[in-house]
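*Asks:* just coords:
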């Protein structure tokens, strides 16, 4: 059973940067698609970015395009989310997700079989 653990969240001023990490244990995710989602209080979970199993294809939401970058290091079983130009509206719990078999990217939350507990990102205005 794959387990995902996020780290790197925190409090940052608007315009600042953070890098989130998500490390998988209990199995390899080297050929599986992975993604980041976020959920703000009182809102539905929102797709942020996804990366294919090989790392050769990425996708990101329009709201973060040009500011957030997803990447992965398969040797470390880890996916990253580099966030720059943070805005107040980026405040949310960010969590990563992985598929059991799929290698292509998807924006659908139910495409991913495993989800982490999340890490809080708070952007002060």
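*Replies:* Yep, that arrived. This one's a predicted model, so the numbers in the text were calculated from it and none came from an experiment. Numbering: from 1, shown residues only.
*Asks:* A strand includes residue 89, no?
*Replies:* No. Secondary structure assignment (DSSP: H, G, I helix; E, B strand; the rest coil) places residue 89 in helix, not in a strand.
*Asks:* quick one: pLDDT of the residue nearest to residue 31 when sequence neighbours are not counted?
*Replies:* Nearest residue to residue 31, sequence neighbours excluded (C-beta to C-beta, 6 or more residues apart in numbering): residue 53, at 4.2 Å. Using the backbone N, CA and C atoms, a C-beta is placed for each residue, glycine as well. Predicted confidence (pLDDT) for residue 53: 92.
*Asks:* residues in a beta bridge with the residue lying closest to residue 58 once chain neighbours are set aside, which ones?
*Replies:* Spatial nearest neighbour of residue 58, excluding adjacent residues (C-beta to C-beta, 6+ apart): residue 51 at 5.0 Å. With DSSP bridges applied, residue 51 shows beta-bridge pairing to residue 34, residue 58.
*Asks:* how close does residue 51 sit to residue 96?
*Replies:* To residue 96, residue 51 is 10 Å away according to C-beta to C-beta, to the nearest Å.
*Asks:* with residue 113 instead?
*Replies:* Applying C-beta to C-beta to residue 113 and residue 96 gives a distance of 12 Å.
*Asks:* give me the more crowded residue out of the two.
*Replies:* More crowded of residue 113 and residue 96, by other C-beta atoms under 10 Å: residue 96, with 31 against 13.
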